[in-house]
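Trainee: Below: sequence and its predicted model.
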Amino acid sequence: MKTTRKIFGLSIKMFLMLVILIFIYAPLSWLFLSSISTRAELLATPPRWIPEHPTLQNYRDILVPGTAVSEVARTFKNTLLNSFIVASTTTVICLLVGSLAAYALARLRMRYRNHIFLGILSVRMIPEISLVIPLYIAAAFLGWRDRPIILIVTYLSFALPFAIWMLTTFFETVPIELEDAALIDGSSRLGTLFRVVLPVASPGLVSTALFTFLLAWDEFFFALLFTSTIQAKTVPVAIAEFTGRYAVDITAMMTGGILAALPPVILALIFQRYIVSGLSAGAVKG
Amino acid sequence: MILARRADAAMDLPMTQAALPKPRQSLRQQEARDAFLMLLPGLLIIFVITLIPVLYTFILSFTDTPLSNPRPQNFTGLQNYLAFLKQPLFWQTIWRTFYFTVVSVGIELVLGLAIATLLHSRPPGWKFLRTSLIIPWAVPTIVNGALWRWIYNADYGALNGLLLSLGIITKYQPWLTQPDLAMNLVIVADVWHSMPFIVLILSAALATIPTDLEEAAQVDGATAWQRFWLIRMPLLKPAILVALVIRTVEAFRVFDIIYVITQGGPAFRTVTISYLTYLESFSYGKLGSGSALSFLISIFTLAMALVYIRLLYRPEGRQ
């Protein structure tokens, strides 16, 4: 009696898991299969799910552009590079500036500490759209439109408060005795931060770096408004451009989609552990 | 090389100071000064790129400033706000944004809770499922939008192909141009992308709940249903609230996915408040009313932020 119920329960669970896995993987497979199909096969009705002649031509078109390829596809590589530059620079700045601020917030006694911390938390909630108009004006004034620097600077508006907050929660878990020992041994604050706290809190640093990078890689709104040419255009803008008003270049769009998704997906899978610990620390991609 | 040495020197300089014996009060002052210096770069950046722009937006919202000449001009008082309150389009947009927020976050929460519970019972293959859930979450929002737009494609899309081969439809449908359907299709795409986030948060929270409580309740004869609602749910409440608030704030300002899937169509039926702000400011070039709208979004977000802070911030847990 008990075992039949158990088997029944288990088969229900396995069935549910199967449904969830299909919901996750069906769109992903369609994305992948579209990227290795020829356009002719892709536009068959009803669709041929598995292409008869799978091809890497779409990837070649994007990575080793020939002449017969659309402008967006030809310049896609540049946008990948721009995304890398913008996302990694933003991450590095956030870690540097964020560690300093987070250490002060987590450890040092000062007046208004709680007010500052709450202020940073609420800044994280300010929507991009209420910043964009003044930033747009400032970018035009400084001549920063269509340059990576405007993206790096504007991305700090959401990434930095996020990083400070996340690092503060991580630094608070570092045993205070370690620092006391270092301070008694005559180490300065910065010395203690760099030689004692950061090494001990390195899982937190990895988590924060990961989340910050993903946030910056994902960002679309600022990139859409501030960039227009391959000088600074990032991957999300390029993907959106594939859906041009007149012709939608499906194969290129799906291939670009795979290439744009690979870096964050691979990072997230490799550092899975840090994502889970980051989420447990109450820190979250937002 | 030189730079590195300089940084080292700077790091070592206060060391000698700290080594000097000093009266207690001044140590305290020194600590406050260090704290100030360490916070300064971060606060300065935040001040320049967020607080000043927010104030500027606020000022613009009382003007009739065109995009072509974006210096605040033609002060019109509350005109922009009042004009919106009188427009049916504005209220329809607000209602639509709430619809998107409530439905997508609601579905994500229910599904997320169910899947986290399933994962927590550790069925065979649970680790594979958890890893799989990370993928849609990590896929960039724009790629997610492009993918679903292609799935819904009227002439060649996978949804049409699938339903036709299953015999559910007899001919291909233009899904995204159906006014009552478009927003719900956007919601499905959003659920695919965002639901895993809730699963991951709730799974992490479930892992911290001690198992002996539920075991004790089971020994005392509580049913699985009772154990779930009376023990697990109260303990999960903080994590649920956090996930809820974060997702609500995010969903309320949805823009990217709508830009890619529907561009606000058909006939404005998927225009949300952020999208309207974008149109108002950058398509119609009316910075004044665009600013008024974005300020309204900020107010709502700020209200959510207060809830958020209440939930996350426990002063007694810190020194």
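Mentor: Cool, got the structure.

Trainee: In chain B, which helix is the longest?
Mentor: Looking across chain B with DSSP state H, the single longest helix is helix B:88-120.

Trainee: State the mean pLDDT of stretch A:45-56.
Mentor: Taken as a whole, stretch A:45-56 has an average pLDDT of 81.

Trainee: Just the buried positions in it, please.
Mentor: A:47, A:48, A:51 (16 or more other CB atoms under 10 Å in any protein chain shown). For every residue, glycine as well, the C-beta is placed using N, CA and C.

Trainee: is chain B contacted by that stretch?
Mentor: Yes - residues of stretch A:45-56 contacting chain B under CB under 8 Å from any CB of the partner chain: A:45, A:46, A:47, A:49.

Trainee: Same question for stretch A:183-193.
Mentor: Yes - using CB under 8 Å from any CB, stretch A:183-193 reaches chain B at A:183, A:186, A:187, A:188, A:189, A:190, A:191.

Trainee: Quick check: mean pLDDT of stretch B:147-158?
Mentor: On average, stretch B:147-158 scores 90.

Trainee: Show me what it is in contact with.
Mentor: Here stretch B:147-158 makes contact (CB atoms under 8 Å, 6 or more residues apart in numbering or on different chains) with A:27, A:30-31, A:34, A:42-45, A:47, A:243, A:250, A:253-254, A:257, B:139, B:159-160, B:172-177, B:185-186, B:188-189, B:192, B:260-261.

Trainee: and the end-to-end length of that stretch?
Mentor: With CA to CA, to the nearest Å as the measure, stretch B:147-158 spans 10 Å from end to end.

Trainee: Could you give the separation of it from the chain centroid?
Mentor: 26 Å (CA atoms, centre = their mean, to the nearest Å).

Trainee: What residues of stretch B:181-194 count as buried?
Mentor: Per 16+ other CB under 10 Å, stretch B:181-194 contains these buried residues: B:181-183, B:185-194.

Trainee: Over to the closest residue to residue A:222 other than its chain neighbours. Which of the three states is it?
Mentor: Take residue A:222 and drop its neighbours on the chain: the residue closest to it by CB to CB, 6 or more residues apart in numbering or on different chains is residue A:154, 4.7 Å away. The local conformation at residue A:154, judged by DSSP: H, G, I helix; E, B strand; the rest coil, is helix.

Trainee: what sits against residue A:154?
Mentor: Residue A:154 touches A:131, A:135, A:222, A:226, B:49, counting by CB under 8 Å, 6+ apart.

Trainee: Adding distance to residue A:22 and secondary structure, write the residues you listed out as CSV.
Mentor: Listed next are the contacts of residue A:154 as CSV, based on distance: CB to CB, whole Å; DSSP: H, G, I helix; E, B strand; the rest coil:
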residue, distance to residue A:22, secondary structure
A:131, 40, helix
A:135, 42, helix
A:222, 36, helix
A:226, 39, helix
B:49, 43, helix
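
Trainee: Rebuild the residues you listed as a markdown table, extending it with neighbour count, distance to residue A:170 and pLDDT.
Mentor: As requested, these are exported to a markdown table (neighbours: other CB atoms under 10 Å in any protein chain shown; distance: CB to CB, whole Å; pLDDT from 0 to 100):
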| residue | neighbour count | distance to residue A:170 | pLDDT |
| --- | --- | --- | --- |
| A:131 | 25 | 27 | 91 |
| A:135 | 24 | 30 | 92 |
| A:222 | 24 | 27 | 95 |
| A:226 | 25 | 31 | 93 |
| B:49 | 21 | 24 | 93 |
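
Trainee: and which of those is nearest to residue B:36?
Mentor: Closest approach between those and residue B:36, by CB to CB: residue B:49, at 20.2 Å.

Trainee: In contact with the closest one, which residues?
Mentor: Neighbours of residue B:49 in contact, by CB under 8 Å, 6+ apart: A:131, A:135, A:153, A:154, A:156, A:157.

Trainee: Quick check: phi and psi at the residue nearest the centre of chain A.
Mentor: Centroid check for chain A by CA atoms, centre = their mean gives residue A:214 as the closest residue, at 1.2 Å. Per-residue torsions, residue A:214: phi -60, psi -40 (degrees, to the nearest 10).

Trainee: surely it meets residue A:271?
Mentor: No - using CB atoms under 8 Å, residue A:214 is not in contact with residue A:271, being 10.2 Å away.

Trainee: Can you say which of the contacts of stretch B:147-158 are buried?
Mentor: A:27, A:30-31, A:34, A:42, A:47, A:243, A:250, A:253-254, A:257, B:139, B:159-160, B:172-173, B:175-176, B:185-186, B:188-189, B:192, B:260-261.

Trainee: Which of those residues fall in strands?
Mentor: Members of these lying in strands (criterion: DSSP state E): none.

Trainee: ok, now how distant is the residue nearest to the centre of chain A from residue B:47?
Mentor: 26 Å (CB to CB, to the nearest Å).

Trainee: repeat for residue B:290
Mentor: Counting by CB to CB - residue B:290 and residue B:47 are separated by 23 Å.

Trainee: Comparing the two, which shows the higher neighbour count?
Mentor: residue B:290 (29 against 11; other CB atoms under 10 Å in any protein chain shown).

Trainee: Contacts only, for residue B:79.
Mentor: Contacts of residue B:79 by CB under 8 Å, 6+ apart are B:62, B:64.

Trainee: Can you show me the CA trace of the helix or strand where residue A:157 lies as PDB?
Mentor: Here residue A:157 sits within helix A:148-171, counting by DSSP states H and E. Written as PDB, here are the backbone C-alpha positions of helix A:148-171 (Å, rounded to 0.1, in the frame of the first residue of the first chain):
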ATOM      1  CA  PRO A 148      31.300  52.900 -25.000                       C
ATOM      2  CA  ILE A 149      32.100  55.300 -22.200                       C
ATOM      3  CA  ILE A 150      28.500  56.600 -22.000                       C
ATOM      4  CA  LEU A 151      27.300  53.100 -21.600                       C
ATOM      5  CA  ILE A 152      29.900  52.300 -18.900                       C
ATOM      6  CA  VAL A 153      29.000  55.500 -17.000                       C
ATOM      7  CA  THR A 154      25.200  55.000 -17.300                       C
ATOM      8  CA  TYR A 155      25.400  51.300 -16.400                       C
ATOM      9  CA  LEU A 156      27.000  52.300 -13.100                       C
ATOM     10  CA  SER A 157      23.700  53.900 -12.200                       C
ATOM     11  CA  PHE A 158      22.100  50.500 -11.600                       C
ATOM     12  CA  ALA A 159      25.200  48.300 -11.300                       C
ATOM     13  CA  LEU A 160      27.100  50.200  -8.600                       C
ATOM     14  CA  PRO A 161      24.300  50.400  -6.000                       C
ATOM     15  CA  PHE A 162      23.700  46.800  -6.700                       C
ATOM     16  CA  ALA A 163      27.300  45.800  -6.200                       C
ATOM     17  CA  ILE A 164      27.700  47.900  -3.000                       C
ATOM     18  CA  TRP A 165      24.700  46.300  -1.500                       C
ATOM     19  CA  MET A 166      25.700  42.800  -2.400                       C
ATOM     20  CA  LEU A 167      29.300  43.200  -1.300                       C
ATOM     21  CA  THR A 168      28.100  44.700   2.000                       C
ATOM     22  CA  THR A 169      26.100  41.600   2.800                       C
ATOM     23  CA  PHE A 170      29.100  39.400   1.900                       C
ATOM     24  CA  PHE A 171      31.600  41.400   3.900                       C
END
